[in-house]
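Trainee: Output the structure for:
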Amino acid sequence: MRDLSNVPIHLLDHEHYRQMLVRDGQRRFNEWHTEYLKYQQGFLQDQRRRIQELENLRESIYKDHKRRSQESRKEFLRYQNKFLNEMRRY
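Mentor: Residues are numbered from 1 along each chain as shown. Okay, here's the model as predicted:
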């Protein structure tokens, strides 16, 4: 097909004008779809990053809880032993 972009619209026949509209529509769709895919990719990357941050936070909370539980248990056992040793004296 020949390039009709320089021909004034009022001199184009119906079929050529329709084809120009179809090509323009396809071009616009491709632009929109490319932007949509970029946005979608950015969203998915952000979602993965946030999920990883939450997983890291969960893991650090779990480790802190485990450490504090062990410290509390050691402290309890220390006081318990101290108490039992005191009771043995009597």
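Trainee: Per-residue pLDDT of residue 5, please?
Mentor: Listed pLDDT for residue 5 reads 68.
Trainee: er, residue 21 actually
Mentor: 89.
Trainee: burial measure for it, as a count.
Mentor: Residue neighbour count, defined by other C-beta atoms under 10 Å, stands at 10 for residue 21. C-beta: built from backbone N, CA, C; applies to glycine.
Trainee: Ok, the one 4 residues further on next?
Mentor: The local packing count at residue 25 equals 10, with neighbours defined by other C-beta under 10 Å.
Trainee: Report pLDDT for it.
Mentor: According to the prediction, residue 25 has pLDDT 95.
Trainee: can you check residue 17 too?
Mentor: pLDDT, the model's per-residue confidence, is 83 for residue 17.
Trainee: for residue 87, same thing?
Mentor: Here, the pLDDT recorded for residue 87 equals 87.
Trainee: Any figure for the gap between it and residue 76?
Mentor: When C-beta to C-beta, to the nearest Å is applied, the distance between residue 87 and residue 76 equals 16 Å.
Trainee: and stretch 55-73, how far out from the chain's middle?
Mentor: Between the centre of stretch 55-73 and the centre of its chain there are 26 Å (C-alpha atoms, centre = their mean, to the nearest Å).
Trainee: For it, which residues meet the burial criterion?
Mentor: Counting neighbours by 16 or more other C-beta atoms under 10 Å, one finds that stretch 55-73 has no buried residues.
Trainee: likewise stretch 30-40?
Mentor: So stretch 30-40, judged by 16+ other C-beta under 10 Å, has zero buried residues.
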